[in-house]
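Enquirer: got a sequence here, can you model it:
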Amino acid sequence: MATTFPNREECIPDSQATNAASLRGKVLMKDRAYSELKQLIQSITIEPGARLSERQLAGHLGMSKTPVKAALERLELEGFIIVSPQSGIVVRELTAQDIADQFDVRVALECHVLRSVSGRLTDEQAFDLRENITQQRQAARARRITEMVSLDAGFHMLYCEFHGNQEIIRVMNQLRDKIYRVTDRVYQQQLPRLDSSCDEHAGIVEATLAGDADLAVMRMEEHLDYGRKFLLDKHRGRAS
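Expert: Here you go, the predicted structure:
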């Protein structure tokens, strides 16, 4: 005879069930605070260098300071903000060295990924890459910059997901989140880069599907090197 297990909540006293629900609520609020604050930073709604206060942020988000404090601790660990006794909470500005370092990591990881997957992708994966390129071109033509930046990041993440290494995916997600602020703002100033980026992505896909790993890696290196120089030039010009 099959064993019938009682509903989990029926086994928990009312007081414990209430505490569990309260804990879930706190976790959800903490995650919501983190997600919304990161979005405000990435979209430049909160400018780099801006000073923040837990009280102001809690009021803006419509929640208590407790989940906001937890979210800020996480954002500090991820390098989005700096917290110090002297300056308080400040949105961290990306430096030229930050950008250069992040692209160094991307070149190492993404070229390794391309060598691993070239000539080995399924028809469905090939379709996903081509569909992403199609959507990029549509967004670029319409000058929908935020959408284009998202699709650009998604293109690079597709290869990492096809490769399947979860640590690479985790690191790439972190790099994407950090560089997003700079990329979006620079594209606003240099619209032709939208079109050339699409062409470079298409060339990478063509080489990958043909199984030419050396060509795919060369094109990825050129693409990322151009992106690095492009972002650094614009970043330094803005800082001067």
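
Enquirer: domains for the protein, by residue range?
Expert: Per automatic domain parsing, the structural domains of the chain span 16-91, 96-239.

Enquirer: hey, which of those is tucked in deepest?
Expert: Greatest average neighbour count among the domains of the chain goes to domain 96-239 (a mean of 17), per mean count of other C-beta atoms under 10 Å. Using the backbone N, CA and C atoms, a C-beta is placed for each residue, glycine as well.

Enquirer: on that earlier part again, and the domains of the chain as a markdown table, adding mean pLDDT?
Expert: Formatted as a markdown table, the domains of the chain follow (pLDDT from 0 to 100):
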| stretch | mean pLDDT |
| --- | --- |
| domain 16-91 | 85 |
| domain 96-239 | 93 |
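
Enquirer: all strands for this protein, in order.
Expert: 51-52, 81-84, 88-91 (DSSP state E).

Enquirer: quick check: closest non-adjacent residue to residue 217.
Expert: In space, and not counting its chain neighbours, residue 217 is closest to residue 111: 4.7 Å by C-beta to C-beta, 6 or more residues apart in numbering.

Enquirer: same question for residue 133.
Expert: With sequence-adjacent residues excluded and distances taken as C-beta to C-beta, 6+ apart, residue 133 is closest to residue 202, at 5.3 Å.

Enquirer: so that neighbour sits against residue 132, correct?
Expert: No - if you go by C-beta atoms under 8 Å, residue 202 and residue 132 don't touch, sitting 10.1 Å apart.

Enquirer: can you list the strands of the chain in a markdown table and add distance to residue 140?
Expert: Output for the strands of the chain, formatted as a markdown table (distance: least, C-beta to C-beta, whole Å):
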| stretch | distance to residue 140 |
| --- | --- |
| strand 51-52 | 34 |
| strand 81-84 | 32 |
| strand 88-91 | 29 |
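
Enquirer: could you check how far residue 151 is from residue 59?
Expert: Residue 151 sits 35 Å away from residue 59, taking C-beta to C-beta, to the nearest Å as the criterion.

Enquirer: same question, residue 66
Expert: Counting by C-beta to C-beta, the gap from residue 66 to residue 59 is 14 Å.

Enquirer: same question for residue 194.
Expert: 38 Å.

Enquirer: kindly report the same for residue 169.
Expert: Separation of residue 169 from residue 59 (C-beta to C-beta): 36 Å.

Enquirer: can you pull the contacts of residue 29?
Expert: When contacts are counted by C-beta atoms under 8 Å, 6 or more residues apart in numbering, residue 29 touches 63, 64, 66, 67.

Enquirer: I meant residue 44, not that one.
Expert: So residue 44 contacts 181, 184, 185 (C-beta under 8 Å, 6+ apart).

Enquirer: same thing but 7 Å
Expert: 181, 185 (C-beta atoms under 7 Å, 6 or more residues apart in numbering).

Enquirer: kindly report the same for residue 231.
Expert: Taking C-beta under 7 Å, 6+ apart as the test, what residue 231 contacts is 99, 182, 183, 186.

Enquirer: using JSON lines, lay out the residues you listed together with distance to residue 209.
Expert: Listed next are these as JSON lines, based on distance: C-beta to C-beta, whole Å:
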{"residue": "99", "distance to residue 209": "30"}
{"residue": "182", "distance to residue 209": "30"}
{"residue": "183", "distance to residue 209": "26"}
{"residue": "186", "distance to residue 209": "29"}
